[in-house]
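Undergrad: What would the 3D arrangement of this be:
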Amino acid sequence: MIKQVSKDLVRVRKHERVREKISGTSDKPRLSVYRSNKNISVQVIDDVKGVTLASSSSEQLKLKNGNNVDGAAQVGEDIAKKCLAKKIECVVFDRGGYLYHGRIQALAEAARKAGLKF
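TA: From the prediction side, this is the model:
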């Protein structure tokens, strides 16, 4: 009998493998992405201290289309502005086990375009 594994469990396992290799410091915090069916959210985390330095989401921005590429791009621009205001210029990108495609890619490219380096 074949045991089926859910897509989310597969994503969580990928995320755990990635998290073994990357972590955020105060000099170069981790930009962590979470994508749901309705929204997308981002946090900038210092893993050494265990503190969230900045966050943004499509819910916070009250976007009508938080679940599409345009909404993800707006969240990316917003998080970049918040980071630059706190003098955070360089981050480590943690895609959360998601493929670098679609909303994740749009968020990352918008953050880069707004001045964040990773």
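Undergrad: shouldn't Pro29 be in contact with Gln43?
TA: No: with the criterion set as Cβ atoms under 8 Å, Pro29 and Gln43 do not qualify as a contacting pair; they are 9.2 Å apart. Every C-beta, even on glycine, is put in place using the N, C-alpha and C of the backbone.
Undergrad: So which of these two has more stuff around it?
TA: Each of Pro29 and Gln43 had its neighbours counted (other Cβ atoms under 10 Å), and the higher figure belongs to Pro29 (26 against 19).
Undergrad: so who does that one touch?
TA: Under the criterion of Cβ atoms under 8 Å, 6 or more residues apart in numbering, the neighbours of Pro29 are Val44, Ile45, Asp46, Asp47, Leu53, Ile88, Val91, Val92.
Undergrad: and if we set it to 6 Å?
TA: For Pro29, the contact set (Cβ atoms under 6 Å, 6 or more residues apart in numbering) comprises Val44, Ile45, Asp46, Leu53, Val91.
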